[in-house]
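1. sharing a model prediction with you, sequence too.
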Amino acid sequence: MSKLRFISKNIKYNAASQILAFLINFALLPFMVFHVGKEIYGVYVLVVTFTGYMGIMDFGVGGATIKYVAEFAPKGDGKKVNEIISASFSFFMLIGILAAALLFALSFCFDLVFKVDAHNKMVVRHLFLIASASSLFIWPGRTFDHALQGFQRYDRYAVNKIIFTVLTGISAYFIFINGLGIVCFLAASSALTILKYASAYLIVSGSLLKKHIKFPYFKKDTFKMIFDFSFYLFLSSLATMLIFNIDNIIVGAFVSVAAVTLYNIGINLQQGFRMVNALIEGPLFPAYVEMEAKEESARQKATLFRGTKYKAFVFIPFVLVTIVFAEPFIKCWMGEAFLAGVLPAQILIAFWIFNCILDIGGGMLTAKGHVKTIFKIVFANALANLVLSLILVRSFGMVGVALGTTIPMICVSFPLFMRQILKTFKVTFREYFDNSIRDSLVVLAMAGIIAFIVRQALPVDRLWLVVFEMGAAYIATMFAAYNWLLSKTEQSEIRNMIKF
């Protein structure tokens, strides 16, 4: 199997597992609310959300595990791979203990944070206690999911995830049908998550690792290597996360609390783009690391050009179609009362046109270890976002905040990342433009024209019809781009990539 086919297979496995998880969670939401009621479900969401926020204590070690396993495994350096996994497992064991202690303490003082009816307080306490106990196993178990991704075994990673996602859905059905309640469901889903990680451990230790992991393992040199990479990766992720949280605070403080709900329509849409992007970029990252480990500079350059072109071909029509159909989509999805959120949403997702041109190069920069430079760019973008949003919100309200977020993405982040990519891979902007961007501008124009024509010619007022028209416009753009803008060689390559 060619390397390109191997990577595309990994992307498909990753996408299948993520989409299935989304669909099951989508179906479970109304089912669970119906059986437990709004308040109990809201309590469950708060507990899960609070537990999720503790994910920040990862400190980028998960990403570092993927990188270094992907770097040392192709070299046959089983000793280094073992050290990285052992160090990650030991670190996450400590974080699991810390998370368990915090959640245990919160089980006795949650009423200082959350307002819960007296008759539901025992339910909340039990939920936090279950989350506390499961943290002791879930945190260290994540090491083996990261290791599978580092070994580029997304087939086993995805199948493992699919099996336990389906089991969680089945358990939810039987638990709520039999009236066992939300506490029983959290206990069951936590147990299945632990079993999923145990299964990942068996896969890693049984066929991928040459030696058993060491525990406890706290070798100074290994942790220095991990944190030299993970610390700036963590800071970059934190800065990116804070951008939209800051937006919500600014909108709430200077416009109104109700406006935060309208503004979050755009945030939710762009989060959808972020999820789709992660489906593609996740399996690509360890492949970038492998190329770097093998010092395949010619292959890196070819991947930069072809990957950027293909990514733009897939992503740009997605963005343009969503922008053009934003008004009828939001109207049918949320109602006419939410139409004030259309323009901010269109502005917020527009930066993905620029972002998709940088994603391949940005991922390769991370694989090369340029995490400090990336953090500086992301921090500059976050600072510009804060300043510009505070200035523009006074005159333009929500739209000003959206502009304050998107303008720095285009005018700060884009040129700085572009400069670093060109410098690192020693290519000129003209070379990069001709090989990766020029045809994407044609795709951009086609997507906008086709989407506009479809929307104007066939106005509809049902959400499923709007989604159908958006899909039709997207497919028509992709069909035209495939036949008119790709060479015979590129068409053949695309066909090989999408084969199952």
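-> Everything's here; your move.
2. just checking, what packs against the helix or strand hosting Val33?
-> Val33 is located in helix 3-36, with elements delineated by DSSP states H and E. Under the contact definition 3 or more Cβ pairs under 8 Å, 6 or more residues apart in numbering; DSSP states H and E, helix 3-36 sits against helix 38-53, helix 154-177, helix 181-203, helix 257-293, helix 488-498. Heads up, the C-betas are built off the backbone N, CA and C, glycines and all.
3. mind giving me the domain ranges of this structure?
-> Domain assignment of the chain by automatic domain parsing yields the ranges 1-218, 234-495.
4. wait, which of the helices and strands packed on helix 3-36 is closest to Val427?
-> helix 257-293 (15.9 Å; Cβ to Cβ).
5. next structured bit after that closest one?
-> helix 297-324.
6. tell me which residues of the next helix-or-strand element following that next one are tucked away?
-> Using DSSP H and E, the helix or strand that follows helix 297-324 in sequence is helix 326-334. The neighbour-count check on helix 326-334 (16 or more other Cβ atoms under 10 Å) flags 326-332, 334 as buried.
7. now stretch 175-182
-> Here stretch 175-182 shows 175-176, 182 as buried, counting by 16+ other Cβ under 10 Å.
8. now do the helix or strand hosting Gly62 and helix 257-293, the angle between them.
-> Using DSSP H and E, Gly62 sits in helix 61-72. Orientation note: helix 61-72 sits at an angle of 20 degrees relative to helix 257-293 (axes from the mean of the first three to the mean of the last three Cα atoms, to 10 degrees).
9. and helix 61-72, how far from the chain's centre?
-> 17 Å (Cα atoms, centre = their mean, to the nearest Å).
10. downstream of it, the next helix or strand is which one?
-> Remark: after helix 61-72, the chain's next helix or strand is helix 78-109, criterion DSSP H and E.
11. other SSEs contacting that following helix?
-> Secondary-structure packing of helix 78-109 (3+ Cβ pairs under 8 Å, 6+ apart): helix 38-53, helix 61-72, helix 121-150, helix 220-254.
12. for the first one, buried residues please.
-> Of the residues in helix 38-53, those buried by neighbour count under the rule 16+ other Cβ under 10 Å are 40-41, 43-44, 46-47, 50-51.
13. what's around Lys224, how many residues?
-> 10 (other Cβ atoms under 10 Å).
14. kindly report the same for Pro459.
-> Neighbours of Pro459 using other Cβ under 10 Å come to 11.
15. distance of the nearest residue to it once chain neighbours are set aside from Gly448?
-> Residue nearest to Pro459 in three dimensions, not counting chain neighbours: Pro328, with 7.5 Å by Cβ to Cβ, 6 or more residues apart in numbering. From Pro328 across to Gly448, the span is 16 Å (Cβ to Cβ, to the nearest Å).
16. below-threshold pLDDT in the chain: ranges please.
-> Under the criterion pLDDT under 70, the flagged ranges of the chain are 1-2, 112-116, 244, 500.
17. one step back: now render the domains of the chain as TSV, adding distance to Ile226.
-> Converted to TSV, the domains of the chain look like this (distance: least, Cβ to Cβ, whole Å):
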stretch	distance to Ile226
domain 1-218	5
domain 234-495	11
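18. between the ones you listed, which one is closest to Met225.
-> Between the domains of the chain, domain 1-218 lies closest to Met225; by Cβ to Cβ that is 7.1 Å.
19. how far does the closest one sit from its chain's centre?
-> Offset of domain 1-218 from its chain centre (Cα atoms, centre = their mean): 15 Å.
20. if we can go back for a sec, for the helix holding Gly62, packing partners?
-> helix 78-109, helix 121-150, helix 220-254, helix 257-293.
21. my read: Thr240 touches Ile377, true?
-> No: counting by Cβ atoms under 8 Å, Thr240 stays clear of Ile377, with 10.9 Å between them.
22. which of the two has more neighbours?
-> Ile377 (22 against 13).
23. show me where the stretch 301-450 of the chain has its helices.
-> 326-334, 342-350, 352-367, 371-396, 398-408, 414-425, 429-432, 438-457 (DSSP state H, counting those that start in this stretch).
24. centre of the chain to the second one, how far?
-> Which is helix 342-350. Put simply, helix 342-350 sits 20 Å off its chain's centre (Cα atoms, centre = their mean).
25. contacts for it?
-> By Cβ atoms under 8 Å, 6 or more residues apart in numbering, the residues outside helix 342-350 that reach it are 262-263, 265-267, 269-270, 273, 319, 322-323, 326-327, 330, 398-399, 401-403, 405-406.
26. also the first one?
-> Outside of helix 326-334, the residues within contact range by Cβ under 8 Å, 6+ apart are 265, 269, 322, 338-339, 341-342, 345-346, 349, 455, 459-463, 466-467, 470.
27. using PDB, write out every CA atom in that helix.
-> Only the C-alpha atoms of helix 326-334 are listed here, as PDB (Å, rounded to 0.1, in the frame of the first residue of the first chain):
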ATOM      1  CA  ALA A 326     -26.200  31.000   6.500                       C
ATOM      2  CA  GLU A 327     -29.400  33.000   6.600                       C
ATOM      3  CA  PRO A 328     -31.900  30.300   5.500                       C
ATOM      4  CA  PHE A 329     -29.900  27.600   7.500                       C
ATOM      5  CA  ILE A 330     -30.000  29.600  10.700                       C
ATOM      6  CA  LYS A 331     -33.600  30.700  10.200                       C
ATOM      7  CA  CYS A 332     -34.800  27.100   9.700                       C
ATOM      8  CA  TRP A 333     -32.500  25.700  12.400                       C
ATOM      9  CA  MET A 334     -33.100  28.300  15.200                       C
END
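28. now that helix, how far from the centre of its chain.
-> Using Cα atoms, centre = their mean, the offset of helix 326-334 from its chain centre is 24 Å.
29. which ones are touching the nearest residue to Thr308 once chain neighbours are set aside?
-> Excluding its sequence neighbours, the residue lying closest to Thr308 (Cβ to Cβ, 6+ apart) is Ser436, at 3.9 Å. Going by Cβ under 8 Å, 6+ apart, Ser436 touches 304-305, 308-309, 312, 357.
30. how about CSV for the residues you listed, with neighbour count added?
-> Shown next, in CSV, are those (neighbours: other Cβ atoms under 10 Å):
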residue, neighbour count
Leu304, 22
Phe305, 20
Thr308, 23
Lys309, 22
Ala312, 24
Ile357, 25
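31. now those in JSON lines, with distance to Leu29?
-> Output for those, formatted as JSON lines (distance: Cβ to Cβ, whole Å):
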{"residue": "Leu304", "distance to Leu29": "40"}
{"residue": "Phe305", "distance to Leu29": "42"}
{"residue": "Thr308", "distance to Leu29": "37"}
{"residue": "Lys309", "distance to Leu29": "38"}
{"residue": "Ala312", "distance to Leu29": "34"}
{"residue": "Ile357", "distance to Leu29": "35"}
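32. between these, which sits nearest Val166?
-> Nearest to Val166 among the contacts of Ser436, with distances taken as Cβ to Cβ, is Ala312, at 34.6 Å.
33. shouldn't that closest one be in contact with Val443?
-> Yes: with contact defined as Cβ under 8 Å, Ala312 reaches Val443; the gap is 6.9 Å.
34. identify the residues contacting the helix holding Gly62?
-> Here helix 61-72 makes contact (Cβ under 8 Å, 6+ apart) with 80-81, 84-85, 88, 91-92, 142-143, 146-147, 149-152, 225-227, 229-230, 233, 285-287, 289-290, 292-293, 366-367.
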